[in-house]
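[1] Quick one, fold the following:
(2 chains)
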Amino acid sequence: MKKLKFLLLLACLSSIMGMRQLQDSLFKKPAHFPEPKYAFKGKRVDSLQVLLGRALFYDEALSIDFTTSCASCHSPFSAFTHNDHEVSHGIQDRFGKRNSPALFNLAWQPYYMWDGAINNLDVQALAPINHPDEMGESTEHVLKKIKHSWRYRSLFNKVYGDTLINSERMLKSISSFLVTLVSAESKYDRVMLKKDSFNLQEQNGYTLFKNNCNTCHTEPLFTSFNFENNGIGMLEKYRDLGRAAISGDPQDSLRFKVPSLRNLEFTYPYMHDGRMQKLYQVLDHYSGITLQKADGTKVSVQKFSPEEKVDLMAFLLALGDRTFLYATKNQFPKEFFFSQPME
Amino acid sequence: MRILFVFLFAFTLLQTKASDSLSIAFTASSGKPGTKIQRNQWIKTGAHDSLRISDFRFYISNVQLLHQGKIVLTDSLEGHLINPFQAEQSKLMLSKPRLPEFDEIKLGIGIDSLTSVDGPKSNDLDPIHGMYWTWQSGYINLRIEGQHSASTLSDNEFFFHLGAYAGPFNCYQTLSFKVNAQNQLAIEINLLDWFKEAEQIKVWKIMSPRREAAQLSKTFARAFRVIQP
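    Residues are numbered from 1 along each chain as shown, chains lettered A, B, ... in the order given. A predicted model of the protein is given here:
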């Protein structure tokens, strides 16, 4: 009896420690980042679950006609956004009205989508799956397709310990992959961790950034996560009111969630409707503008000289993270899709 | 070791023996006691209008039993999907080894904000039941669909998907009522009264959080009547 207890204790301890290590290697909070908002508590984040989520992310079976996966609109090589169109396009080349956001550092976001319509990363995937212009599916039918595949049956079993495949497990698997998309290895990050230094242009750009942009695009995540109006105005063809459509508050009209400025180099076109193709267009827009923030304060962005624009651009480019861009752990999981049955 | 098993077995037996439950049955009613509305049955409302209901479902949550103002039991489930038109789904069951004495019941109509921001759930709260908005996180607290002669939509149809767990249009409602402690309760929901309000609002398709949804949710809570035998 005593021996058994001891063995049990040992098994428990080692599995807890094993779990710890896995969690640490899959999701590491960068030293200079704040605490993540995502509730890890009580959730398993293990390598198999992340693999399952990654498989689902790259699987076209999540769309009604097997043409569109999450990665169709969120490609790893553009920091998980889509470069070809102003607004995203889904099944049968249908266009939405919004530009697909880049996906990284999602664990720090308090809500999702340009207007904050989604309140928890774990339910986010319901939106594209069920959207008629995106994947055009129903959650129930996607589950049916997944249950049909021995690869998924086997992996769900390994991850959750039994054969049940339901929406909660599918959704939590997808988000377990999404939270591991951490981008924190740009030149900026190395400078912050004192492993590198800015050149003169970048340094000047950093000063300009702090004086003019940081109040909304707040370091180190480069967003305050607030809903703000950056003065680009509404495009008649979409009539997108932004946050107001969710909050019901007319004051929120034309306010959108402040996007991160990391990886801009790879994430064109810019803004919620993708109306700007080039970064210099963005800088031209902001130069000399006065904006009213949601908290009532005014921000007067200075007029930038051509040299200052170059400096600011140099700083923005120092926010690009190629390690993140090319990380194979985030890419199409061949090991899942090309696996063979064990029999 | 074996003794332990015997003990456990005996214990489980004892437990099941002492198990006790409270069931609350929900029915759609047209106001007069005992007049149950059936699915797809045409009923007259007022002098000229008539309506029929094809889908009527709602969530009940946060069920608590109280005795002399003190909480004596809190339901462990986060929500129950109730469908008065389907026998198996028209009842809410609270099962406990022993039900405490109680004289009051509190419950929520809909899903509160705490549960609504807590990510995906299974069973009654699974988002596949058509009671969850996918493009904007949040449960549909109350879903009523059918036809009403006053509806201006094609085929006189109406669609009420009422919900919102926060903000100015919050639809979550709470109710409490005194009861004589017993194992069975019946709640009648006077839908004809509720439709009087809908007829005045004249918006026959509500499928997202908005002012009218909040208003109709309040009216819905007022339509609940406990039937004491």
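[2] Do you have the helices of chain B handy? List them.
    Secondary structure of chain B (DSSP state H): helices located at B:2-18, B:113-116, B:191-201, B:211-222.
[3] for chain B, what are the nearby residues on the stretch 151-300 of chain A?
    A:166, A:167, A:168, A:171, A:172, A:246, A:247, A:248, A:249 (Cβ under 8 Å from any Cβ of the partner chain). Glycine gets a C-beta too; all of them are placed from N, C-alpha and C.
[4] Helix, strand, or coil at the residue in chain A that chain B sits nearest to?
    Closest contact between chain A and chain B, by Cβ to the nearest Cβ, is at residue A:122 (3.6 Å). When classified by DSSP: H, G, I helix; E, B strand; the rest coil, residue A:122 comes out as helix.
[5] pLDDT wise, what is it at?
    Note on residue A:122: pLDDT of 96.
[6] ok, now residue A:235?
    pLDDT, residue A:235: 92.
[7] how about the nearest residue to it, chain neighbours excluded?
    residue A:273 (5.6 Å; Cβ to Cβ, 6 or more residues apart in numbering or on different chains).
[8] tell me the secondary structure for the most centrally placed residue in chain A?
    Centroid-nearest residue in chain A, with Cα atoms, centre = their mean: residue A:103, separated by 2.2 Å. With three-state DSSP as the basis, residue A:103 sits in coil.
[9] picking that back up, could you tell me how many residues sit around the closest residue to the residue of chain A closest to chain B other than its chain neighbours?
    Excluding the flanking residues, the one nearest residue A:122 by Cβ to Cβ, 6+ apart is residue B:119, at 3.6 Å. Look at residue B:119: counted by other Cβ atoms under 10 Å in any protein chain shown, it has 19 neighbours.
[10] One more: the one 4 residues further on?
    Residues contacting residue B:123 under the criterion other Cβ under 10 Å number 13.
[11] In contact with it, which residues?
    Applying Cβ atoms under 8 Å, 6 or more residues apart in numbering or on different chains to residue B:123 gives the contacts residue B:77.
[12] Residue A:234 contacts residue A:240, doesn't it?
    Yes - with contacts counted by Cβ atoms under 8 Å, residue A:234 reaches residue A:240, the gap being 6.7 Å.
[13] Please tell me I have it right and the residue of chain A closest to chain B contacts residue A:173.
    No - counting by Cβ under 8 Å, residue A:122 does not reach residue A:173; the two are 9.8 Å apart.
[14] Name the residue in those two with the higher neighbour count.
    residue A:173 (29 against 25).
[15] How is the more buried one assigned, secondary-structure-wise?
    helix.
[16] I figured it was touching residue A:158, is that so?
    No - counting by Cβ under 8 Å, residue A:173 does not reach residue A:158; the two are 11.5 Å apart.
[17] dump the residue contacts of residue A:299.
    Contacts for residue A:299 were tallied using Cβ under 8 Å, 6+ apart; they are A:212, A:215, A:216, A:290, A:291, A:292, A:293.
[18] quick check, nearest of these to residue A:309?
    Among the contacts of residue A:299, residue A:212 lies closest to residue A:309 (Cβ to Cβ), at 11.7 Å.
[19] residues near the closest one, how many?
    When neighbours are defined as other Cβ under 10 Å, residue A:212 has 20 of them.
[20] Nearest residue to it in space, please, no chain neighbours.
    Nearest one to residue A:212, counting by Cβ to Cβ, 6+ apart, is residue A:301 at 4.7 Å.
[21] isn't the one you found right next to residue A:285, touching?
    No - shown here, residue A:301 and residue A:285 do not form a contact pair, counting by Cβ under 8 Å, at 9.5 Å.
[22] Of these two, which one has the most company?
    For residue A:301 versus residue A:285, neighbours defined as other Cβ under 10 Å are more numerous around residue A:301 (20 against 17).
[23] Look up how far residue B:133 lies from the residue nearest to the centre of chain A.
    Separation of residue A:103 from residue B:133 (Cβ to Cβ, to the nearest Å): 22 Å.
[24] about what we covered before: which residues does the residue nearest to the centre of chain A contact?
    Residue A:103 neighbours (Cβ under 8 Å, 6+ apart): A:74, A:79, A:80, A:81, A:178, A:181.
[25] By neighbours, which of those wins?
    Of the contacts of residue A:103, with other Cβ under 10 Å as the count, residue A:80 tops at 27 neighbours.
[26] So that one sits against residue A:106, correct?
    No - counting by Cβ under 8 Å, residue A:80 stays clear of residue A:106, with 9.5 Å between them.
[27] Got phi/psi on residue A:310?
    phi -60, psi -40 (degrees, to the nearest 10).
[28] ok, it - contacts?
    Going by Cβ under 8 Å, 6+ apart, the list of residues near residue A:310 reads residue A:201.
[29] Tell me where chain A is predicted with low confidence.
    Scanning chain A for pLDDT under 70 picks out A:1-25, A:41-45, A:88-95, A:342-343.
[30] all helices of it, in order?
    Using DSSP H, helices in chain A cover A:2-26, A:47-57, A:70-73, A:126-130, A:139-147, A:150-160, A:167-178, A:187-192, A:200-212, A:244-247, A:279-286, A:306-317, A:322-326, A:334-337.
[31] Residue B:131 contacts residue B:162, doesn't it?
    No - counting by Cβ under 8 Å, residue B:162 is not a contact partner of residue B:131; they are 10.8 Å apart.
[32] Residues that sit against both of those two, list them.
    Common neighbours of residue B:131 and residue B:162 (criterion: Cβ under 8 Å, 6+ apart): B:140, B:143.
[33] which ones are touching the residue nearest to residue A:146 when sequence neighbours are not counted?
    Spatially, and ignoring its direct neighbours in sequence, residue A:146 is nearest to residue A:152 (4.6 Å; Cβ to Cβ, 6+ apart). Contacts for residue A:152 were tallied using Cβ under 8 Å, 6+ apart; they are A:52, A:55, A:146, A:165.
[34] who's in contact with whichever residue of chain B sits closest to chain A?
    Nearest residue of chain B to chain A: residue B:119, at 3.6 Å (Cβ to the nearest Cβ). Residue B:119 is in contact with A:39, A:120, A:121, A:122, A:123, A:171, A:172, counting by Cβ under 8 Å, 6+ apart.
[35] Equivalent analysis for residue A:233, please.
    Per Cβ under 8 Å, 6+ apart, neighbours of residue A:233: residue A:254.
[36] For chain B, which residues are neighbours of chain A?
    B:1, B:116-122, B:126-128, B:132, B:134-138, B:167-169, B:209-211.
[37] Pull out the buried members of those.
    Buried members of these, counted by 16 or more other Cβ atoms under 10 Å in any protein chain shown: B:116-121, B:126-128, B:132, B:134, B:136-138, B:169, B:209-210.
[38] and the contacts of residue A:103, which of them are in strands?
    In strands, judged by DSSP state E, none of these are found.
[39] longest strand anywhere in chain B?
    strand B:49-67.
[40] Rounded mean pLDDT for that strand, please.
    96.
[41] Please save the CA atoms from it in CSV.
    The C-alpha coordinates for strand B:49-67 follow below in CSV (Å, rounded to 0.1, in the frame of the first residue of the first chain):
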residue,chain,number,x,y,z
ASP,B,49,-54.7,38.7,-35.3
SER,B,50,-53.4,35.2,-34.9
LEU,B,51,-50.0,33.6,-34.6
ARG,B,52,-48.2,30.3,-34.4
ILE,B,53,-44.9,29.4,-32.9
SER,B,54,-42.5,27.0,-34.5
ASP,B,55,-39.5,27.4,-32.3
PHE,B,56,-39.5,28.5,-28.6
ARG,B,57,-36.3,27.9,-26.6
PHE,B,58,-34.5,29.8,-23.8
TYR,B,59,-31.8,29.4,-21.2
ILE,B,60,-32.3,29.1,-17.5
SER,B,61,-29.2,29.6,-15.3
ASN,B,62,-27.9,30.3,-11.8
VAL,B,63,-30.7,28.4,-10.1
GLN,B,64,-30.6,28.8,-6.4
LEU,B,65,-32.8,27.5,-3.6
LEU,B,66,-33.2,29.7,-0.5
HIS,B,67,-34.6,29.2,2.9
